[in-house]
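Enquirer: Whatever this is, show me its structure:
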Amino acid sequence: MRWNPWVIVGASMILLFSGYAGSCSYTSHMGRANFEEVQIGDSQDQLVRVMGAPSVIEEHGVDAPTVFRGTDCREACVKRVWYVNRLHLLDEAWSFEIDSEGRVLGRTYWLSP
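Expert: This next block holds a predicted model:
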């Protein structure tokens, strides 16, 4: 049996796309599920246990990650911890505002076109 190179290329492209779409969907699903587990008042240690290592830690008065600029951490917020789904075609992220006592003050789900 002789393999047609175009069939191999086509099948490889389908497998690559399927793998990418599956990974993106899984990351998005797990991010949303973990986001729902984190409650206002939880410690930053609890946050990291549930969500994992953050993508970005934004200190008070410093710009948010590129696509979310203009949404800086204000008032009682000392820092904002970001979890960014880098696989998503749109910009998807989850952020948690942390107060001076190391507790979750607020949380936001972001999806930007």
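Enquirer: Tell me the confidence at residue 96?
Expert: Residue 96 is assigned 93 on the pLDDT scale.
Enquirer: surely it meets residue 107?
Expert: Yes. Assessed by C-beta atoms under 8 Å, residue 96 is found in contact with residue 107 at 4.9 Å. Heads up, the C-betas are built off the backbone N, CA and C, glycines and all.
Enquirer: which of the two has more neighbours?
Expert: residue 96 (25 against 18; other C-beta atoms under 10 Å).
Enquirer: which residues in this structure form strands?
Expert: 56-59, 79-85, 91-98, 104-112 (DSSP state E).
Enquirer: Residue 85 and residue 28: what is the separation?
Expert: 6 Å (C-beta to C-beta, to the nearest Å).
Enquirer: which residues do those two both contact?
Expert: residue 92 (C-beta atoms under 8 Å, 6 or more residues apart in numbering).
Enquirer: And the two? Which one has more around it.
Expert: For residue 85 versus residue 28, neighbours defined as other C-beta under 10 Å are more numerous around residue 85 (21 against 16).
Enquirer: Okay, and the beta partners of that one?
Expert: Beta-bridge pairing of residue 85 under DSSP bridges involves residue 92.
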